[in-house]
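Peer 1: output the structure for:
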Amino acid sequence: MQAFRTAAAVVDGLGDDQLDLKIRTNTLKDLKGVGPKTAAVVVQAHKGEVPDYLATLEEAYAELVPMADDVAAFRAALRGDLHLHSDWSDGGSPIREMAEAAIALGHEYMALTDHSPRLTVVNGLTAERLERQLDVVAGLNEELAPFRILTGIECDITVDGSLDQSDELLGRLDVVVASVHSELRAPGGQMTARMLTAVANPHTDVLGHCTGRLVIGRRQRDGTQKPRPESQFDAEAVFGACVEFGTAVEINSRPERLDPPRRLLTLASELGCEFAIDTDAHAPGQLDWQVNGVERAIECGVPVERVINTWPADRLLTWRDGGRHTS
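Peer 2: Reported below is the predicted structural model:
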């Protein structure tokens, strides 16, 4: 997606005559930021044709599978998505495009949760950049009303369990998703203590992708895709703390995560946890993935009334600000 965005920006900077010349002389790919694949797409799109690249993807992946009635009803109850990223961190699309995609899906709100500063590899937001993002979101909310972009962050849980952003800034946000991204293979006792500290933090609203697993590994430099095992922790203690402190457990809908696993999701439901069914989307089309989380919620006995993003935004924010943390 980034490659196509880069190529589009380069082509957009050309005049009509320049673009025609580049196409006639087969020199589009000589431009910095335009490769053979993107050049071929530009040529076909410029002719008014559907690019072969797009047609192949649609044939392979765009088949729509009808939802079962119970899945459709549960999905319809979701009013928003509380974990997604924009091009301010490691997402591929501007905030507005993510919001427009959410609106098209019928959402009433979304929480913008770009990464926190410690995760420099994914362009995590410094305090200064987060401050600027809050201003941008305020402007977009005026334009897109009644749809609402909730301010937020996916905050890294550090090794000692603290959150990777200042208390002052976290207190200004609508939604804080706290997630472990490092030292995932730490001993179970250490990971449990780390997560318990984060769950008890009064700023933590949602515990993100709690095991950190990848059922489909990310592509390595050697071309392999290695799954990542679950982090080890005392799930009963962590989920019990989520109940005690009013922290929702995320049902992460990304196909390569599907976190927590069914046995842990069932346990969390039995213990009385609240949940957020989120996509962790990094592109507009990924907002459709919420149905993955819905299916798992139904399989594991999660009551729809305990899913916090079935609530109206005002109720969600009252829950967030209403002293639900007991200590």
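Peer 1: now stretch 260-273: mean pLDDT?
Peer 2: For stretch 260-273, the mean pLDDT works out to 98.
Peer 1: so which residues of the stretch 101-250 of the chain form helices?
Peer 2: Ranges of helices within the stretch 101-250 of the chain are 127-144, 167-172, 188-200, 235-245, based on DSSP state H, counting those that start in this stretch.
Peer 1: now the strands: where do they sit in the chain?
Peer 2: Using DSSP state E, the strands of the chain run over 80-84, 109-112, 148-156, 175-179, 206-207, 248-252, 275-278.
Peer 1: nearest to residue 38, out of those strands?
Peer 2: Checking the strands of the chain against residue 38 by C-beta to C-beta gives strand 80-84 as the closest, at 25.5 Å. C-beta coordinates here come from the backbone N, C-alpha and C atoms, glycine included.
Peer 1: mind giving me TSV with the helices of the stretch 101-250 of the chain and columns for mean pLDDT and mean neighbour count?
Peer 2: As requested, the helices of the stretch 101-250 of the chain are exported to TSV (pLDDT from 0 to 100; neighbours: other C-beta atoms under 10 Å):
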stretch	mean pLDDT	mean neighbour count
helix 127-144	98	14
helix 167-172	97	14
helix 188-200	98	20
helix 235-245	98	19
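Peer 1: coming back round to it: could I get the strands of the chain as CSV with distance to residue 310 and mean neighbour count?
Peer 2: As requested, these are exported to CSV (distance: least, C-beta to C-beta, whole Å; neighbours: other C-beta atoms under 10 Å):
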stretch, distance to residue 310, mean neighbour count
strand 80-84, 9, 29
strand 109-112, 12, 28
strand 148-156, 15, 25
strand 175-179, 15, 27
strand 206-207, 14, 27
strand 248-252, 12, 27
strand 275-278, 9, 29
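Peer 1: which elements pack onto the helix or strand bottoming out on mean pLDDT in the chain?
Peer 2: Lowest mean confidence among the helices and strands of the chain (mean pLDDT, DSSP states H and E): helix 52-61, at a mean of 81. Contacts defined by 3 or more C-beta pairs under 8 Å, 6 or more residues apart in numbering; DSSP states H and E place helix 52-61 against helix 36-46.
Peer 1: and the angle for the helix it packs on with helix 52-61?
Peer 2: 100 degrees (axes from the mean of the first three to the mean of the last three C-alpha atoms, to 10 degrees).
Peer 1: ok now the least confident helix or strand of the chain, how far from the chain's centre?
Peer 2: From the chain centre to the centre of helix 52-61 is a distance of 24 Å (C-alpha atoms, centre = their mean, to the nearest Å).
Peer 1: how about stretch 144-162?
Peer 2: 10 Å.
Peer 1: let me see the domain layout of the chain.
Peer 2: 2-61, 69-321 (automatic domain parsing).
Peer 1: now the helices of the stretch 101-250 of the chain in TSV, with distance to residue 271?
Peer 2: Formatted as TSV, the helices of the stretch 101-250 of the chain follow (distance: least, C-beta to C-beta, whole Å):
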stretch	distance to residue 271
helix 127-144	33
helix 167-172	26
helix 188-200	13
helix 235-245	5
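Peer 1: give the bridge partners for residue 225, please.
Peer 2: With DSSP bridges as the criterion, residue 225 is bridged to residue 219.
Peer 1: pretty sure it is touching residue 215, no?
Peer 2: No - using C-beta atoms under 8 Å, residue 225 is not in contact with residue 215, being 10.6 Å away.
Peer 1: so who does residue 93 touch?
Peer 2: The neighbourhood of residue 93, defined by C-beta atoms under 8 Å, 6 or more residues apart in numbering, consists of 1, 86, 87, 283, 284.
Peer 1: residue 114 versus that one, what's the distance?
Peer 2: Distance, residue 93 to residue 114, by C-beta to C-beta, to the nearest Å: 12 Å.
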